[in-house]
Every structure is written in C-alpha cells, then in structure tokens.
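Q: Here is a sequence together with a model predicted from it:
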Amino acid sequence: RSLQEKTIRRVGGTEEIAKAFLAGEPCGLDAGVSEVFTDEQGNRYGEEFGKVIAQASDDLCDQGRKRNKLHQLAKKAEARGDRAQAHRIRKFNLGRKKLRGRTRRQRAELGRQINTALNQIKEKRQPSVIVTEKLDLRGKAPSKKISRRVSLWARSLLKDRTEFKASAEGFRREQVNPAYSSQTCPKPACGYVQADNRRGDRFQCRPCGHIDDADRVAATNLKARWSDAQISLWTPKARVKKILLDRFNARLERGAPSTFRPRLFRAGLQALRKKPAGERNDQRNLALRGKMLVRNGVSTFYPISGNR
C-alpha cells in the first residue's frame with residue numbers, strides 16, 4: 001500500500017476497491033525483436049519473444065512459398081483447359097480456413113508473450129508511467145526478414161496490448177519521438193549523435209567513449225525525451241537531429257569537461273569519409289570540423305557551428 005493509492009467506488013449500491021494506481025518511478029522502454037522491451041536499467045522483459053516471433057515469421061514465409069507454388073499449378077491447369085483440377089487445387093489446397101486459424105494462434109501466442117513482459121515490468125518496477133516510442137510507427141527495416149517479423153507485432157498488437165495493460169494495471173503510457181534514440185549518447189555532458197555510435201546491439205560514443213547496450217541507450221533517451229520541451233511526438237526527424245546537434249555544439253562551446261578520445265574520433269571520421277557523398281549527413285559539417293584545445297591536461301573538441 002505504500003506504493004499504491006487505492007480508491008473506493010460505488011457500483012450498484014455496493015462499495016468495491018477500484019484498481020490501484022502504481023506510484024513507482026517512470027520507466028523508459030525500448031521495444032525490440034529479440035525481446036519485447038528493454039528498460040533504462042538494462043532489464044529485459046519477454047526474452048522468449050524473439051524465438052516465438054522468429055518461428056511465426058518463418059512459418060508464414062514457408063507457407064507463403066508453398067501456396068504460391070499451388071497457385072501456379074492451378075493457373076497451369078486452367079491454361080491447358082483442365083478447369084476441374086484447378087478447382088480442386090483451390091478448394092482443397094488453397095483454402096483460407098486453416099490459414100486464418102494458424103494466424104490467429106500465432107497472434108494469440110505473441111499477445112501472451114507481450115502480456116508476460118508487461119506483467120514482469122509491473123512486478124519489477126511498479127511504474128507510474130511507462131515511456132515508449134510510438135509503437136505503431138512505420139519505418140524501413142534493414143532486411144525483408146526483419147520487416148516481416150516486425151510487421152507481425154509493431155503495427156497493432158504491441159500497441160493494443162500495452163494500452164490495455166496500462167488501463168487495467170494502474171499505470172499510464174506515454175509515447176515520445178524515437179528519432180535517433182539509439183544513436184545519441186545518453187551522457188548529459190555529451191549527447192553526441194551519429195549513426196556510427198551504434199553497431200548492432202553495441203553502442204560506443206565516438207567522442208566520449210561511453211559503451212553500453214544499444215537498447216538500454218534507446219530506453220534511457222526515450223525516458224529523457226518525455227520531459228523534453230523541444231522535441232515533441234510529432235517533431236520532424238530532421239528537426240530532432242538539428243536540436244541534438246545544436247545542444248552538443250553548445251556544450252562544447254561552453255567548455256564543458258569532455259573525455260574526448262582523439263583516436264576513436266579519427267576512426268569515426270575515416271568511416272564517414274568512406275561513405276558515398278549522398279550518405280554523409282550534417283553531422284560531418286557540424287561536429288567533425290573544428291579545433292581541439294587542451295586545458296589542464298583535458299582535450300576538448302570545439303566544432304564549427306553551422307553548415308558549410
């Protein structure tokens with residue numbers, strides 16, 4: 001009861017205890033494919049989710065290949081005038097009943113995994129608020145396989161189950177802008193944003209050398225963005241990047257202490273130079289040009305502000 005506030009409501013002339021409202025610390029959550037969520041403390045929830053969604057995705061792909069072959073056989077039968085065979089193939093081999101049943105069972109299992117993860121979050125964190133990215137956000141995936149797996153849940157299932165659990169379990173859900181959340185250094189004194197900071201599940205900030213799990217970094221940044229007055233849910237991605245770069249430049253121009261590592265920074269610069277000109281972003285102009293001063297034995301990098 002120390003963590004909860006219970007309210008009394010009257011229903012049909014009788015009094016009953018309403019759902020308790022959780023009063024723990026707000027929790028930042030990054031949605032994933034190998035697990036349902038990772039929070040800003042590095043805890044992972046629903047770790048069996050990756051196996052389930054991979055199996056569902058592979059089954060869907062395999063079933064699709066087989067059905068495509070049967071569709072081709074039916075078309076060939078029609079082409080040679082054997083309409084009876086084409087009809088039998090479509091009736092007995094290309095029915096929708098079993099396919100719908102399989103899809104329904106897969107979605108039910110995915111929903112169960114999501115519910116389990118949300119229950120784990122409630123048990124471990126007792127959050128008053130969970131902060132996530134916009135869970136129905138569409139975006140380009142790095143491969144067809146990942147895109148197929150994400151499409152099974154990110155479009156609606158995860159969003160719906162999270163909203164339901166939030167209302168049923170006594171916590172609030174807030175959505176924030178996810179732009180660059182896994183590429184931005186979470187250290188308040190740094191905030192450097194660059195795609196090269198992330199390599200798979202590993203995050204390493206080029207200037208300050210901060211190393212962490214990329215999902216945990218994303219969850220930390222999502223939680224911080226909840227109270228960010230400059231970046232709203234609908235702020236354009238290009239605008240988000242400009243805001244982050246301006247903040248990074250401002251910290252360095254103020255002479256804030258930095259654990260700048262020249263070797264790591266030069267490696268990042270060389271990696272950028274190898275990219276085609278069209279893939280180089282404004283970071284190269286804003287943060288990869290400037291001068292490095294040494295004060296009291298501490299190397300501090302000062303980039304040139306503005307675009308060139």
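A: Good, I have the coordinates. Because the structure is a prediction, the values reported are computed rather than measured.
Q: what about stretch 182-193, average pLDDT?
A: For stretch 182-193, mean pLDDT is 93.
Q: Could you do stretch 253-272 as well?
A: 55.
Q: swap in stretch 215-225?
A: 96.
Q: just the helices in this protein please.
A: Ranges of helices within the chain are 49-79, 83-92, 97-125, 144-151, 157-169, 214-226, 237-253, 262-273, 282-287, based on DSSP state H.
Q: now do the same end-to-end measure for stretch 226-233.
A: 9 Å (CA to CA, to the nearest Å).
Q: burial count for the closest residue in space to Val176 that isn't next to it in sequence?
A: Leaving aside its chain neighbours, Val176 sits nearest to Arg225 (4.4 Å; criterion: CB to CB, 6 or more residues apart in numbering). In short, each C-beta sits where N, CA and C put it, glycine included. For Arg225, the neighbour count with other CB atoms under 10 Å is 24.
Q: any idea how far Lys241 is from Lys75?
A: If you measure Lys75 against Lys241 using CB to CB, to the nearest Å, the figure is 49 Å.
Q: Setting the sequence-adjacent residues aside, check what's closest to Ser182.
A: Ala218 (4.0 Å).
Q: what's the pLDDT at Arg280?
A: Looking at Arg280, its pLDDT reads 46.
Q: can you check Gly170 too?
A: On pLDDT, Gly170 comes in at 86.
Q: Would you agree it is in contact with Gly24?
A: No. Using CB atoms under 8 Å, Gly170 is not in contact with Gly24; the gap is 10.5 Å.
Q: hang on, Arg83 packs against Ala77?
A: Yes. The criterion here is CB under 8 Å, and Arg83 meets it with Ala77 at 7.4 Å.
Q: Mind checking which of those two has more residues around it?
A: Each of Arg83 and Ala77 has its neighbours counted (other CB under 10 Å); Ala77 has more, 18 against 11.
Q: give the contact list for that one.
A: Neighbouring residues of Ala77 by CB atoms under 8 Å, 6 or more residues apart in numbering: 83, 85-86, 89.
Q: Same question for Gln113.
A: By CB under 8 Å, 6+ apart, the neighbours of Gln113 are 36, 46, 48-49, 52.
Q: ok, Gln106 to Ala54 distance?
A: Using CB to CB, Gln106 is found at 12 Å from Ala54.
Q: More neighbours: which of these two?
A: Shown here are Gln106 and Ala54; by other CB under 10 Å, Gln106 has more neighbours (18 against 14).
Q: Correct me if wrong: the more buried one contacts Ser57.
A: No. Using CB under 8 Å, Gln106 is not in contact with Ser57; the gap is 9.2 Å.
Q: hang on, the earlier thing: who wins on neighbours among the contacts of Gln113?
A: Ranking those using other CB under 10 Å puts Val36 first, with 29 neighbours.
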